[in-house]
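**Student:** pasted the sequence and its predicted model underneath.
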Amino acid sequence: MEAPSTGRPMRADARRNYERIVASAQEAFAEHGPDAPLEEIARRTGVGIGTLYRHFPSRDVLIEAVYRSSIERLSQRAHELLETHSPAEAFEQWLREQVQWVMANRSLATTLKAGMDHGSPTFTLCRELVIDAASALLVAAQDTGDIRPDIEPRDLLRFGHGIGVACETTPEAAERLLAVTFDGLRTPGTSVRG
C-alpha cells in the first residue's frame, strides 16, 4: 500500500501511521460498514483523531484509501498465486478470493462508487490493477489448455462479482456456485491438477 504522493517523501513514522490507519479502517468498515466512527478507527490505531485527519481530511478520502489498498492486495495475490501454484490452481484460488473480497467489501465499494467520479485516478488505477491480475491468471490457465480460450479477463471479474453479490447473505452457497462456474470455464476434459 502506498500513501498518495504529496510531492515530498513521507517520514517513516508518518508512513507507519498512514498504513496503520488504513488497516484499522479496513477492519472497522468490515465490522460496521462505511459509516464506522472515525474516532473508533483512531482509537484502534492508537493515534489521536487529529493524526487521522492529517492523513485523511474526510471519510471519503479514507474510504478511497482503504478501497485502493484492498484492490492492491487482491491484485498482488494473483501474482503470488501464479508463483506458487499451477495456472489452473492459481486461477481457481484467486476467483474464490475475489468472491470473498466482493462479499466483504461490497458496501464499501458501493459507497465509494456513489461519491466518486468513475474517471478518477483511484478508479482508473484499481480497474487497471484488477484487470491486469485477471489477465495474468487467465492467460496462464489458457496457455496450459485448462481454461476455455473464449473467456476474457472481464468475464472472470464478472463471475466473481456476480457470485459475491448473489452470496452476500448466503455465503455458504458461494462454493457450490463456484464449482458450477469452474466446470463451465474449464476446457472440456480438464480438471485442476494437484
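**Tutor:** Arrived safely. Numbers count the residues shown, from 1 in each chain.
**Student:** which helix or strand contains the residue nearest the centre of the chain?
**Tutor:** For the chain, residue 71 is the residue whose C-alpha lies nearest the centre (Cα atoms, centre = their mean; 3.4 Å). When elements are defined using DSSP states H and E, residue 71 is found to belong to helix 59-84.
**Student:** chain center to that helix: distance?
**Tutor:** Taking Cα atoms, centre = their mean, to the nearest Å, one finds the center of helix 59-84 at 5 Å from the center of the full chain.
**Student:** quick check: buried residues in that helix?
**Tutor:** Applying a neighbour-count criterion of 16 or more other Cβ atoms under 10 Å, the buried positions in helix 59-84 are 59, 62-72, 74-75, 77-78, 81-82. Placement of C-beta: from N, CA and C, glycine included.
**Student:** swap in stretch 142-158?
**Tutor:** Judged by neighbour count using 16+ other Cβ under 10 Å, the buried positions of stretch 142-158 are 142, 146, 147, 148, 151, 153, 156, 157.
**Student:** check contacts around the last one.
**Tutor:** With contacts taken as Cβ atoms under 8 Å, 6 or more residues apart in numbering, residue 157 has the following neighbours: 98, 130, 131, 134.
**Student:** and if we set it to 10 Å?
**Tutor:** When contacts are counted by Cβ atoms under 10 Å, 6 or more residues apart in numbering, residue 157 is found next to 95, 98, 102, 127, 130, 131, 133, 134, 138.
**Student:** can you tell me how far it sits from residue 126?
**Tutor:** Spatial separation of residue 157 from residue 126 under the definition Cβ to Cβ, to the nearest Å is 11 Å.
**Student:** same check, this time on the fifth one
**Tutor:** Relative to residue 126, residue 151 is positioned 22 Å away (Cβ to Cβ).
**Student:** do the same with the second one
**Tutor:** The gap separating residue 146 from residue 126 is 27 Å, by Cβ to Cβ.
**Student:** what's the domain layout of this structure?
**Tutor:** Residue ranges for each domain of the chain read 1-57, 59-194, as given by automatic domain parsing.
**Student:** now the contacts of residue 157: which count as buried?
**Tutor:** When the contacts of residue 157 are checked for burial by 16+ other Cβ under 10 Å, the buried set is 95, 98, 102, 130, 131, 133, 134, 138.
**Student:** now the third one: which helix or strand?
**Tutor:** Counting by DSSP H and E, the element that carries residue 102 is helix 87-115.
**Student:** and the next helix or strand past that helix?
**Tutor:** Counting by DSSP H and E, the element after helix 87-115 in chain order, helix or strand, is helix 121-143.
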